[in-house]
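*Asks:* structure of the sequence below:
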Amino acid sequence: MPARRLPSWAWTTALTVGAVAAVAALTVQADQGAKPTAPAARPGASASARPHPAPAVPPAVPDGSGTGRRVVYSLGRHRLWLVDASDAPRRTFAVWAGTVSPDPGTYKVSTRRETTTGSDGVRIEHIVYFTAKSGVSIAFSNAVDGSSPPPPAAGSRTGGIRMRAADGAALWTFATPGTTVAVVS
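*Replies:* Got it, this is the predicted structure:
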């Protein structure tokens, strides 16, 4: 009696069932093994492209920054503090400085603007203006898309002090017109 051939659909079905069974067996084995863990932080391409990470214990408000309800900006630490009327820091966070920095001193929030395009071409929001230097407006803001500012073009003069979106929203709520801004070294 001649050998009987199986139809091609039978071979295809048998091979598919076998492949599914093999994948299921490998999945069960993998689920029982060691599991990789993600690193705590992704390394950045450039140390200067990111603000300094928030420390475990928030740094104290700098001495000489005044008293009462205020925003404190440290030029050297690239950090802001939102300080309430009892001199207690309510929030602190790292920022990216522009190429034109304000001089140390005391200022007042003069104007605010919800959104615009920054001098670097990035859409920004929560813009809080507090001074100008050499014809350049100095203001706090955050990028709408949450990105860090691009490296400044050679010779550019930017007064934007950028922060993460959540920090920008907190500053927007806190720093109403007339709020004191203390800039320290």
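*Asks:* from now on I want contacts and neighbour counts done on CA atoms only, so please keep to that.
*Replies:* Will do.
*Asks:* partners of the stretch of helix or strand residue 82 belongs to, with directions?
*Replies:* Residue 82 belongs to strand 79-83 when assigned by DSSP states H and E. When pairs are called by DSSP bridges, strand 79-83 turns out to pair with strand 70-74 (antiparallel), strand 89-94 (antiparallel).
*Asks:* what's the mean pLDDT across stretch 87-105?
*Replies:* Here stretch 87-105 scores 95 as its mean pLDDT.
*Asks:* what's the end-to-end length of that stretch?
*Replies:* End-to-end span of stretch 87-105 (Cα to Cα, to the nearest Å): 18 Å.
*Asks:* element containing residue 131, please.
*Replies:* Using DSSP H and E, residue 131 falls in strand 123-133.
*Asks:* who does that strand pair up with?
*Replies:* Here strand 123-133 is paired, per DSSP bridges, with strand 111-117 (antiparallel), strand 136-143 (antiparallel).
*Asks:* so which of these is the most packed in?
*Replies:* Comparing the strands paired with strand 123-133 by mean neighbour count (mean count of other Cα atoms under 10 Å), strand 136-143 ranks first with a mean of 23.
*Asks:* thinking again about what came up before, tabulate the strands paired with strand 123-133 (CSV), appending mean pLDDT and distance to residue 91.
*Replies:* Formatted as CSV, these follow (pLDDT from 0 to 100; distance: least, Cα to Cα, whole Å):
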stretch, mean pLDDT, distance to residue 91
strand 111-117, 95, 20
strand 136-143, 95, 15
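*Asks:* can I get those in JSON lines including distance to residue 7?
*Replies:* JSON lines is the format used below for these (distance: least, Cα to Cα, whole Å):
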{"stretch": "strand 111-117", "distance to residue 7": "67"}
{"stretch": "strand 136-143", "distance to residue 7": "63"}
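*Asks:* and the helices in this protein?
*Replies:* 8-32, 165-174 (DSSP state H).
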